[in-house]
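**Student:** have a look; sequence and predicted model below, questions after that.
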Amino acid sequence: MPQTSSTAAAPPAIELRGVSRRFADPGGRSVGVHPTSLIVPQGEIHGIIGFSGAGKSTLLRIVNLLERPDAGEVVVHGETLTRLSAAGLRQARHRIGMIFQHFNLLHNLTVADNVALPMRIAGESPARIAERVRVCLDFVGLAEKADVYPGRLSGGQKQRVAIARALAPEPHVLLADEPTSALDPRTTLDLLGVLADANRKFGVTILLVSHEMEVIRRLCHRVSVMEGGRIVEQLDIAGGRIPEGSRLAGWLQDFGAVGPAASPSPSTPPQDGAPSHFALEAAHA
Ligand SMILES: Nc1ncnc2c1ncn2[C@@H]1O[C@H](COP(=O)(O)OP(=O)(O)OP(=O)(O)O)[C@@H](O)[C@H]1O
C-alpha cells in the first residue's frame with residue numbers, strides 16, 4: 001500500500017466545492033451529480049465506488065472540466081479551474097492526466113508517438129518530449145515497444161501505454177475511469193502495481209473510479225461512496241479494511257457486489273494468492 005505524502009501546508013490536490021452536473025433522464029428526473037464536495041490531499045490515492053448510474057464518472061470528469069459543473073467550484077493544486085479562461089484551462093489540463101477503461105490510444109500512431117502526443121500538442125520541445133517518452137515507457141516496462149503500433153499490444157500493454165502518456169507531462173493528478181475493467185485479474189494486479197508505483201515514485205495524486213471493490217481495496221488510501229449523484233460516505237481504507245457498520249460494508253453483505261463482476265479470462269488463471277475475480281466480494285476485512 002503506497003504512503004500518502006501530503007503535508008499540512010500543501011493545498012489539496014483536488015477540491016470540489018458544491019459541484020453539480022444535472023441531466024434529465026428519459027422519465028424527466030434529475031440525474032448526474034447533485035451538489036457534492038470532495039477534498040483529496042496531495043499524494044493520496046482516492047477511490048470512488050457506487051452502483052451504476054451513481055454519478056461516479058461524471059464526478060471524475062468534473063475534475064478536469066470534461067464535464068463543466070452547473071454550479072460549484074473545482075480547485076486543483078490551488079488553481080480554481082472553473083474561473084480560468086479557455087487558454088488557462090488548456091494549460092491547467094496539462095497537469096491533470098487521465099486514463100480510461102478502453103485505453104483511448106490512437107491506432108495510427110506508434111507507442112512512442114501516442115505517449116508524445118499530449119506534449120506535442122502543448123508545444124513542448126522535441127528534446128524534452130523525447131526524454132519524457134523514454135522515462136515513461138521505461139517506467140511502465142515498455143521501452144522496447146516504442147516503435148510498435150497499439151494494434152500489436154495486449155490490453156494490459158495498451159493500458160500501460162495510456163499510463164505512460166498520462167504521466168509524460170508530469171501531472172499533479174491522475175484521473176482513472178475504470179482503468180482495469182477491461183482486463184483479466186492477473187493483468188489487473190499488474191496494472192494496480194504500476195499505478196501504486198506511479199504514486200510512490202512521482203508523488204502523483206490518483207482519483208480512481210471503479211466498481212471493482214478489490215481494486216479499490218488494494219490500491220486506495222480512502223474511498224468515497226456515491227449514491228444518487230452524491231457522496232454519501234467517506235472511508236479510510238488504507239490497509240484494505242472496510243469499517244464494520246459502514247454503508248459499504250452493508251452493501252457487501254446485502255449484495256456481495258457494487259457492480260457487475262469482471263469476467264476472468266480462462267486463459268489467465270489468477271496467481272497464487274490473487275483473488276479469482278475483482279467484483280466487490282462479500283468478505284469483510
Ligand atoms: N451526457 C449525458 N447526458 C445525459 N445523461 C447523462 C450524461 N452523462 C451521464 N448521464 C446520466 O447521469 C447519471 C450518472 O452517470 P455516470 O456515468 O456518472 O454514472 P456512473 O456511476 O459512472 O455509472 P456507471 O458505473 O454505469 O458508469 C446516469 O443516470 C447517466 O445516465
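**Tutor:** On my side now, so go ahead.
**Student:** am I right that residue 231 falls within a strand?
**Tutor:** Yes. With DSSP: H, G, I helix; E, B strand; the rest coil as the criterion, residue 231 is located in a strand.
**Student:** gap between the nearest residue to it once chain neighbours are set aside and the ligand?
**Tutor:** Closest residue to residue 231 apart from its sequence neighbours, by CB to CB, 6 or more residues apart in numbering: residue 224 at 4.6 Å. Where C-beta positions appear, they are placed from N, C-alpha and C, glycine not excepted. Remark: distance between residue 224 and the ligand (CB to the nearest ligand atom, to the nearest Å) = 12 Å.
**Student:** so what's residue 224 up against?
**Tutor:** Counting by CB atoms under 8 Å, 6 or more residues apart in numbering, residue 224 makes contact with 38, 46-49, 231, 233-234.
**Student:** the strand or helix carrying it pairs with which strands, parallel or anti?
**Tutor:** Assigned by DSSP states H and E, residue 224 belongs to strand 222-227. Looking at strand 222-227 with DSSP bridges, its partner strands are strand 45-50 (parallel), strand 230-236 (antiparallel).
**Student:** and it, C-alpha only, in CSV?
**Tutor:** C-alpha atoms of strand 222-227 as CSV (Å, rounded to 0.1, in the frame of the first residue of the first chain):
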residue,chain,number,x,y,z
ARG,A,222,-9.6,6.4,1.1
VAL,A,223,-12.8,5.8,-0.7
SER,A,224,-15.9,7.9,-1.4
VAL,A,225,-19.1,6.0,-1.8
MET,A,226,-21.6,7.5,-4.2
GLU,A,227,-25.3,7.0,-4.4
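**Student:** rounded mean pLDDT for that strand, please.
**Tutor:** For strand 222-227, mean pLDDT is 96.
**Student:** and stretch 155-169, by the same measure?
**Tutor:** Across stretch 155-169, the average pLDDT comes to 97.
**Student:** next to the ligand, which bits of the stretch 101-250 of the chain? Give me the list.
**Tutor:** residue 211 (CB under 6 Å from any ligand atom).
**Student:** residue of the stretch 101-250 of the chain closest to the ligand, please.
**Tutor:** residue 211 (5.6 Å; CB to the nearest ligand atom).
**Student:** give me the residue at the spatial middle of the chain.
**Tutor:** residue 176 (1.7 Å; CA atoms, centre = their mean).
**Student:** below-threshold pLDDT in this protein: ranges please.
**Tutor:** Along the chain, segments meeting pLDDT under 70 span 1-8, 256-285.
**Student:** 80 - rerun?
**Tutor:** Applying pLDDT under 80 to the chain flags residues 1-9, 254-285.
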